[in-house]
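Engineer: Need a 3D model of the sequence below.
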Amino acid sequence: MTMTVAQATRTSAVNGDARIKLLITLIDTLTALIAEENAELAKGLPASRLKQVDEKNKLAEIFERTVAECAAGTTSLTVRDRILREQLLERILRLRAEMDENLVRLRAAIEASNRRIEAVMQAIREQIVAVSPYGASGRVAAARAVSSGTSRSA
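Structural biologist: Got it, this is the predicted structure:
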């Protein structure tokens, strides 16, 4: 059975709409995940302790692959339905806003982690200097004066 051009066009449009709806669902899930991560970062949690990282990376990879396929022309996301097209654009803008905030918050978390690491390293350096028998030149430092209270009483 062969399809008419009109039937093929309708089938293509239905398949395209289904792909767009799947993409919108993916974007909504990714946006919610990033918003949750942003909320945790806002509380001051270090980026390394976030539970969303793996899932976010997996979803972002799927999204990036879809965008790359569209850019390469191997996948078409032609949307005939105006409302569906507007929903997709609105979701993309919301995702972009969450991603922009995420970038700012991740940079702040990384800077905070770097400050904590530097403070620990400074404390270690100070401890080493306090107990080291060597001076800044690498030579044995002059013996420190130690008072010993011995008294000779008869």
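
Engineer: Can you pull out the low-pLDDT segments for this protein?
Structural biologist: Counting by pLDDT under 70, the ranges of the chain that qualify are 1-15, 47-48, 135-136, 141-154.

Engineer: hmm, try it at 80
Structural biologist: By pLDDT under 80, the low-scoring segments of the chain are 1-16, 45-51, 73-80, 129-130, 132-154.

Engineer: Identify the residue nearest the geometric centre of it.
Structural biologist: What sits nearest the mean C-alpha location of the chain, by C-alpha atoms, centre = their mean, is Leu106, with 5.9 Å.

Engineer: Hmm, Leu41 and it touching each other?
Structural biologist: Yes: with contacts counted by C-beta atoms under 8 Å, Leu106 reaches Leu41, the gap being 6.8 Å. Heads up, the C-betas are built off the backbone N, CA and C, glycines and all.

Engineer: mind checking how far Arg94 is from Ala32?
Structural biologist: 10 Å (C-beta to C-beta, to the nearest Å).

Engineer: whoops, I mixed them up, Val79
Structural biologist: Distance of Val79 to Ala32, computed by C-beta to C-beta: 22 Å.

Engineer: got it, and Arg107?
Structural biologist: Note on Arg107: its distance to Ala32, by C-beta to C-beta, is 22 Å.

Engineer: Quick one: the strands in the chain, in order.
Structural biologist: For the chain, no strands turn up when DSSP state E is the criterion.
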